[in-house]
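Asks: Generate coordinates for the sequence data below:
(one chain, ligands or ions: 1)
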Amino acid sequence: MPGPFTITYFPVRGRCEAMRMLLADQGQEWKEDTVTGELWQKGELKKSCVFGQLPKFQDGDLTLYQSNAILRHLARNYGLYGKDQREAALLDMVNDGVEDLRLKYVQLIYQNYEEGKAAYVEALPGHLRPFETLLSQNRAGQAFIIGDQISFADYNLVELLRNHLVLAPGCLASCPLLAAYVERVRARPRLHAYLESPAHRDRPINGNGKQ
Ligand SMILES: N[C@@H](CCC(=O)N[C@@H](CS)C(=O)NCC(=O)O)C(=O)O
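Replies: This is a model prediction of the structure:
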């Protein structure tokens, strides 16, 4: 029996929103331990973190760092890692692709927003195309990114796509399968309830007010 779960993180969606979406959709509860900038600046918590960064995730007496490791841990616990080794390998590939795009997004948001946004949005269809292609190769785009059941990579991908829809509302115009997929996943009852809740809506996407 996993849990109880605690997410220790800054007061943003950031690198924790995909795991929150996963937990909410799987009907799990978790506690938030919100870290203010002031507390972080004191340095003690940072020193205690394995890589000097958040998020920190507690599952009972297991403490984890690294957001993708946390997603994978939850995936193994809740059967969200594909139906076999082949699907698991493909899900790892997709999730690494999501991470590559997230790093580009984070760099834009925190380092180059004003100067870089136009070029980023222009290049975006090229970065989204691989996901549209992958989706088209699985049940003609009518299911999940890989296989017949939702996976950790779906939560991660949908979360990042939703952020991009805030950044550039038209960004999925040339990716109709991805656009429908985001809506389909978002409409799952427990996930929808979470995404409509103040816990999600009132939490900013990023820590610097840019989105
Ligand atoms: N690879 C790590 C990256 C973690 C990371 O970049 N954490 C940032 C917040 S999203 C952080 O702790 N920044 C404060 C610092 O580095 O002092 C993960 O996926 O968890």
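
Asks: where's Asp100, which helix or strand?
Replies: Per DSSP states H and E, Asp100 falls inside helix 85-111.

Asks: same check, this time on Thr6
Replies: Short version, using DSSP H and E: Thr6 is in strand 5-9.

Asks: Quick one: distance of the next helix or strand after the helix holding Asp100 to the chain centre.
Replies: Using DSSP H and E, the helix or strand that follows helix 85-111 in sequence is helix 113-136. Centre-to-centre, helix 113-136 and its host chain are 17 Å apart (C-alpha atoms, centre = their mean, to the nearest Å).

Asks: Which pLDDT does the model give the residue of the chain most remote from its centre?
Replies: Of all residues in the chain, Lys42 has its C-alpha farthest from the mean position, at 28.0 Å, by C-alpha atoms, centre = their mean. Note on Lys42: pLDDT of 98.

Asks: likewise Gly3?
Replies: At Gly3, pLDDT is 86.

Asks: Check Lys83 too.
Replies: At Lys83, the predicted lDDT confidence score is 98.

Asks: Just give the nearest non-adjacent residue to Leu167, would you?
Replies: Nearest residue to Leu167, sequence neighbours excluded (C-beta to C-beta, 6 or more residues apart in numbering): Gln211, at 6.5 Å. (Each C-beta comes from the backbone N, C-alpha and C, glycine too.)

Asks: Test my guess that that neighbour contacts Pro204.
Replies: Yes: at 7.3 Å, Gln211 counts as touching Pro204 under the criterion of C-beta atoms under 8 Å.

Asks: Can you tell me what sits against stretch 134-148?
Replies: The contact list for stretch 134-148, computed with C-beta atoms under 8 Å, 6 or more residues apart in numbering, reads 82-83, 87, 90-91, 94, 131-132, 150-151, 153-154, 157, 177-178, 180-181, 185.
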